[in-house]
Structure formats: structure tokens, C-alpha cells
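Enquirer: got a sequence here, can you model it:
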Amino acid sequence: MNWIIRDTKKLYCHTNLNNLLNSWIDISEFEWILSDLDVINFTKKKLPIDFNKSFSVITSDDFKKIIETDIQIVWGVISAINKSENPKFDKNNLPFVEGNDNIWINDNFQVENAIFEITAWDSSYTIIKFKDSELSKKFKLYFDEAIELDKYKF
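Expert: From the prediction side, this is the model:
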């Protein structure tokens, strides 16, 4: 199941990763691919992301540091993959958000072997897609206000 979150009662900012991920998932189970990022770093702490690169593969430990920093994701694709795998995506067509109509299509993952993907769209919407139905259920139980992506109307 795929979900979209806009304004929620549990998130003061739905594109703040600490609020979005800290309660329902064990982030240490995954490695993380971050691409097409535009963030607001309110604390100005150095993040373990090389913004000079088009994408970054981040360990769960570094991702935890990012989550614990007070940042807002304005634009970006964040993909979770199993630690035992290498990310599978076209290096000539990196995961991106702005101008990508495919992010609004159910089950369309930009990283082929992602377990789930988070897409921040202009800090207005957060789209979360799952291949793992149990993770999707856990997410929906925690964020009961999430709307199914294919039922959301602008």
C-alpha cells in the first residue's frame, strides 16, 4: 500500500524525518539512498551527506544522525534497501522529484530494490511507498490520517 501525508496531528512538520520515522520502524535494518535533496537545516549541524554528489548511500548509523538533526526535507527521494544489497537504479537517470509525474503512481519505485521509499514534494506532501505490507500496516496504524495515494485528490 502507498500513502500520502499532508498535515497530520502527530507531525509538526511531515517532512521532518525524526517525526516521520522515529516511532514505527527500526531504521537500523536498512541502508539508505538519498537523492535530489533540498533541505532546511535549522540547527546548522554538519550532516553526513555529501551535497556535492547527486546521490548518497548512507549507513543506518549516519541516517540516525540525520534523523536526530532538526532538518526539514523540502525535496528529495529517500529509499530504504536491505543492508545485504547494493542499490539498483539507473545512474544516468537518478531518483528525482520535481517534474517527475511517476512519483504519484502506485508501486513505482525509483530504486528497484527499495523496501520502501519516501518522497518529499516541495515540503507540501510526503509520499511513502511500500513493498512490504507489514511495514505499510505499521505505518498506517501509527499515522491513521495517511491517505491512500491512489485515492488522494489535489
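
Enquirer: mind giving me the packing neighbours of the helix or strand bottoming out on mean pLDDT in the chain?
Expert: In the chain, no helix or strand scores lower on mean pLDDT, DSSP states H and E than strand 2-5, which sits at a mean of 77. On a contact count with 3 or more Cβ pairs under 8 Å, 6 or more residues apart in numbering; DSSP states H and E, strand 2-5 meets strand 125-130, helix 133-142, strand 147-148. The way it works is simple: take the backbone N, C-alpha and C, and place the C-beta from them, glycine included.

Enquirer: helices of this structure, residue ranges please.
Expert: 17-21, 60-68, 133-142 (DSSP state H).

Enquirer: so which of the helices and strands packed on strand 2-5 is the most surrounded?
Expert: Scoring the helices and strands packed on strand 2-5 by mean neighbour count under mean count of other Cβ atoms under 10 Å gives strand 125-130 as the most buried, with a mean of 22.

Enquirer: what packs against that strand?
Expert: Applying 3+ Cβ pairs under 8 Å, 6+ apart, we find strand 125-130 packed against strand 2-5, strand 116-121, helix 133-142.

Enquirer: make JSON lines out of those and add distance to residue 19.
Expert: Formatted as JSON lines, the helices and strands packed on strand 125-130 follow (distance: least, Cβ to Cβ, whole Å):
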{"stretch": "strand 2-5", "distance to residue 19": "10"}
{"stretch": "strand 116-121", "distance to residue 19": "12"}
{"stretch": "helix 133-142", "distance to residue 19": "11"}
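
Enquirer: show me how far the least confident helix or strand of the chain is from its chain's centre.
Expert: 11 Å (Cα atoms, centre = their mean, to the nearest Å).
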